[in-house]
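# could you look at this predicted model? Sequence included:
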Amino acid sequence: MATLQRNCLVTVGATVGFKKLTEQVLLPAFWQFLSSEGFTSLRIQCGPDVSWAMTLLDDRNADIPEGLMVDVFESTKNLMRDEMTLCRAESGLRSTGLVISHAGTGTILDAWKVGLPVIVVPNEELLDNHQAEMAKHLAKEGYAIMSTASCTDLQGAIHKADRLWEENQSRWPPHSVKPQKNAGSLRLWEIHPQEVEREEDAKMVND
């Protein structure tokens, strides 16, 4: 029987890098852990740090476990449709994956729309460390698992996220991701994720 795909997406936002998180998920020890948990793909959205991340990945390419694909990319037009949907379970093809995200509201909302477990990692280097407050609130309310960028902490968070997702499936049923037909009458679940992302990035810079 063929092994089901299980995808992990790491995202740091489009405009502000998060080298501390990117570096930790590019450690061979993290790759070995993902492989042991049945993950078959790790995709890392690096924003402006993509060149640095590519060099790091190339240097460690020989350490990637068999059966795991690791890739980095700068950004995409529609992260939810292009990447997050690949983490969603699909009968006979994929088991439920995971999103590891900076504490950006737009990205987290997108993951909820798709119905995915989320690990939130605040970028403490941003102004006033405002992402930590958001992450703590989400964790307290049971919406996500909060973690530091440490490889060890992320491993523990992945186990917790799996359990939380099982508990919360009835709370947040996934929403279908459909093309927009009438931009003048959008519902909440049809908001284009890039619009939210632009607002989020603007707030991140100006807070």
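In hand now; what should we look at? As the structure is a computational prediction, the values presented were derived from the model and not from experiment. Numbers count the residues shown, from 1 in each chain.
# scan this structure for its longest helix.
Using DSSP state H to define each element, the chain has its longest helix at helix 151-168.
# for that helix, which residues meet the burial criterion?
The neighbour-count check on helix 151-168 (16 or more other Cβ atoms under 10 Å) flags Cys151, Leu154, Gln155, Ala157, Ile158, Lys160, Ala161, Leu164, Trp165 as buried. (Glycine included, C-beta is placed from N, CA and C.)
# from the residues you listed, which shows the smallest pLDDT?
Within the set of those, pLDDT is lowest for Trp165 (71).
# got the contact list for Glu90?
Not one residue lies near Glu90 by Cβ atoms under 8 Å, 6 or more residues apart in numbering.
# quickly note the distance from it to Trp31.
Here Glu90 is placed at a distance of 24 Å from Trp31 (Cβ to Cβ, to the nearest Å).
# same for the longest helix of the chain, what does it pack against?
helix 19-25, helix 28-36, strand 98-102, strand 118-121, strand 145-146 (3 or more Cβ pairs under 8 Å, 6 or more residues apart in numbering; DSSP states H and E).
# mind putting the ones you listed in a markdown table, mean pLDDT and distance to Ala139 included?
Formatted as a markdown table, those follow (pLDDT from 0 to 100; distance: least, Cβ to Cβ, whole Å):
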| stretch | mean pLDDT | distance to Ala139 |
| --- | --- | --- |
| helix 19-25 | 96 | 17 |
| helix 28-36 | 98 | 21 |
| strand 98-102 | 93 | 13 |
| strand 118-121 | 93 | 7 |
| strand 145-146 | 90 | 4 |
